[in-house]
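K.L.:
Make a model of this:
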Amino acid sequence: MTYFTRPRLAAASVGTVLASLTLAACGSGSGSADGANGKPVQGGTITYTHVQEPPCIFGGWIQQAYISRQVLDGLVAEAEDGSVKPWLATSWKTSADGLTYTFTLKDGVKFTDGTPVDAAAVAYNFNQFENTDLNGTAKVSMDPYYKSAEAIDASHVAVHLTKPYPEFLRLITQGYFGIQSEHALKTRTKEQNCEQPIGSGAFTVEKWNKGRDVIFKKNPHYTSWPATAKHHGPAYVDKIDWKFVADGTSRYASLTTGQSDVVYEVPTVNWKDARSRFKNTIRYITPGHPVSFYLNTAKGPFTDKLVRQAFAYAADRKAAVTAGFHGVIPYEPNPAVSQSTPGYLGTDPYPYNPGKAAGLLARAGWKKGADGIYAKGGQKLRIRLVYGPGYIFTSEGATVLQALQEQWKQNGFDVTLVPATQAESWGGKYSGPDGYDAQASYWTSPSPAILWIVWRESTKNNPNGNNQSFYNNPTLTRLIDKANTNTDTAAGFDQYKQAQKIINDNAAGIGLYTQNTLIAVSDKLHGFWVEKSQGEPVFSDAYFTAKQ
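P.N.:
Okay, here's the model as predicted:
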């Protein structure tokens, strides 16, 4: 899940990555529109049941990338094999020094307000990403490597970088980089653009019924589908009814009763049933920074690496995840990047080992009291663990935390679980070093360059509010920067792995599980799929085979 100035939360799969796990779909979701399921019928309304309602249709949170994908087109898209394919850009070239990407745009594409999708509009968007609050995730995904963008002529736009940045193309496949009408951004209010952004996509926002749903209407003049699309032309359906239903049981029930056509985040307790009932079920393992614990290395007991390591050893995270999610969501031991991220370091640095935990605490000068809790200098080993119910953790995820809390207690840590709202965690009372000892979160990204966003050091002249462990390691920062700017891909990915090892060895964070997308689709709907970079749902190819 991505944040605004601290996004989470935004999947390429190459080399040693577990590509087969990243997207597992069956049935019509990956099929041709004219396949065995029958000829598509024009029209109808798809009812899609989602979880969280965003504050704007577009922005720096993963939930906003999901929804803005329906309205905004990007320059490029990521294919299933991890390659980058054309979208608004038909082609591109990189300068010999790696500092300029020049994109050739499709001819004749227009935003839904009638203005052209030309090089000036694209350059304006990229400069807004960097220099305004248009999209915080787009900004931090390019910093500090973005310099400027300029229109060479109407059909060619150049993006200039301060250093070579080979992951740039993969990063801009995310929905955060959707291109909006320059005219709309300049002439409409911030609220108008928030509620009804103007793009060139397959749908427009017809109406946002706050607290209930967003109604999307077909763009009949859509001409700018990506190379990854399953058909060429405007959407088959007339509308999408994008509903917000927080309760997982209710969401899944709406599919089984025919009230919904597609449901997001099927509860894992219902996943087996969903796979037995519906032909098209999708399990997508999100790349980026997994659901894991940031440990506060600036204040409190976790300033001591030995205590951090003991905390990691002192709970059977793998067993808790397996039980809490019914074996559906994978345990993720690596707090740096998840297993579907390119350049993943696939080791478990801290498997459950109470004996090692006890030995580390003894070395650090802690002694177990009569109540079983360790103490030092008259202070109990108390840990405030902040978590986000609803927006980070489902009820099943909360069950995992409760199981871990009990295990930590058995091994001498007095852990208090502190539920927090988004506002409290993202810039509020639980966002600084005084707010917590541990905090659980995630951040999606298709690239190991996420390491720079989450783990680079924070200095007075260059603060990094996304480093929630407050782990300042100049060596790590330099290593990630070298990886980001290394034009030798293999060498760069080795450096990414070295960076992950530093994070793991120092227990700057503790892994928990992969962020997942679990989707089930009614058998009456065909052609629905999720894109590769971070699992954004795609409805522009979806169709019914009978009148709805």
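K.L.:
N516: neighbour count?
P.N.:
When neighbours are defined as other C-beta atoms under 10 Å, N516 has 23 of them. (Glycine included, C-beta is placed from N, CA and C.)
K.L.:
Distance check, it against R317.
P.N.:
From N516 across to R317, the span is 16 Å (C-beta to C-beta, to the nearest Å).
K.L.:
Can you pull up the most central residue in the chain?
P.N.:
T444 (2.4 Å; C-alpha atoms, centre = their mean).
K.L.:
If it is in a bridge, with which residues?
P.N.:
Counting by DSSP bridges, T444 is bridged to G288.
K.L.:
Can you pull the poorly scored residue ranges out of the stretch 101-250 of the chain?
P.N.:
Counting by pLDDT under 70, the stretch 101-250 of the chain shows no low-confidence range.
K.L.:
and the helix or strand containing K186, how far from the chain's centre?
P.N.:
Secondary structure assignment for K186, by DSSP states H and E: helix 182-187. Distance, stretch centre to chain centre, for helix 182-187: 28 Å (C-alpha atoms, centre = their mean, to the nearest Å).
K.L.:
cool, stretch 498-511 as well?
P.N.:
That offset, for stretch 498-511, works out to 20 Å (C-alpha atoms, centre = their mean).
K.L.:
For that stretch, measure first residue to last.
P.N.:
17 Å (C-alpha to C-alpha, to the nearest Å).
K.L.:
mind listing what's buried in it?
P.N.:
498-504, 506-511 (16 or more other C-beta atoms under 10 Å).
K.L.:
pLDDT of it, averaged?
P.N.:
Summarised as a single mean, pLDDT over stretch 498-511 is 98.
K.L.:
Give me the contacts around that stretch.
P.N.:
The contact list for stretch 498-511 (C-beta atoms under 8 Å, 6 or more residues apart in numbering) reads 290, 292-295, 297, 305, 308-309, 311-312, 317, 331-337, 343-345, 347-350, 438, 451, 455, 469, 471, 473, 475-476, 479-480, 483.
K.L.:
Those residues, buried ones only, as a PyMOL selection?
P.N.:
Remark: buried members of the contacts of stretch 498-511, expressed as a PyMOL selection using 16+ other C-beta under 10 Å:
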select buried, resi 290+292+293+294+295+297+305+308+309+311+312+317+331+332+333+334+335+336+337+343+344+345+349+350+438+451+455+469+471+473+476+479+480+483
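K.L.:
Just the ones of the contacts of stretch 498-511 in strands?
P.N.:
The members of the contacts of stretch 498-511 that map onto strands under DSSP state E are 290, 292-295, 438.
K.L.:
residues near W366, how many?
P.N.:
For W366, the count of nearby residues is 25 (other C-beta under 10 Å).
K.L.:
looking at it, it is touching K376, isn't it?
P.N.:
Yes - with contact defined as C-beta atoms under 8 Å, W366 and K376 form a contacting pair (4.7 Å).
K.L.:
so can I have JSON lines of the ones in strands among the contacts of stretch 498-511 showing pLDDT and distance to P463?
P.N.:
Compiled in JSON lines, the ones in strands among the contacts of stretch 498-511 are given as follows (pLDDT from 0 to 100; distance: C-beta to C-beta, whole Å):
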{"residue": "P290", "pLDDT": "97", "distance to P463": "24"}
{"residue": "S292", "pLDDT": "98", "distance to P463": "22"}
{"residue": "F293", "pLDDT": "98", "distance to P463": "22"}
{"residue": "Y294", "pLDDT": "98", "distance to P463": "16"}
{"residue": "L295", "pLDDT": "98", "distance to P463": "19"}
{"residue": "A438", "pLDDT": "98", "distance to P463": "21"}
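K.L.:
Dump those into JSON lines; add distance to L161 as well.
P.N.:
Below are those laid out as JSON lines (distance: C-beta to C-beta, whole Å):
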{"residue": "P290", "distance to L161": "28"}
{"residue": "S292", "distance to L161": "30"}
{"residue": "F293", "distance to L161": "34"}
{"residue": "Y294", "distance to L161": "29"}
{"residue": "L295", "distance to L161": "33"}
{"residue": "A438", "distance to L161": "36"}
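K.L.:
For S250, give me its contacts.
P.N.:
With C-beta under 8 Å, 6+ apart, S250 has no contacts at all.
K.L.:
let's see it at 10 Å
P.N.:
S250 sits next to 49, 259, 263 when contact means C-beta atoms under 10 Å, 6 or more residues apart in numbering.
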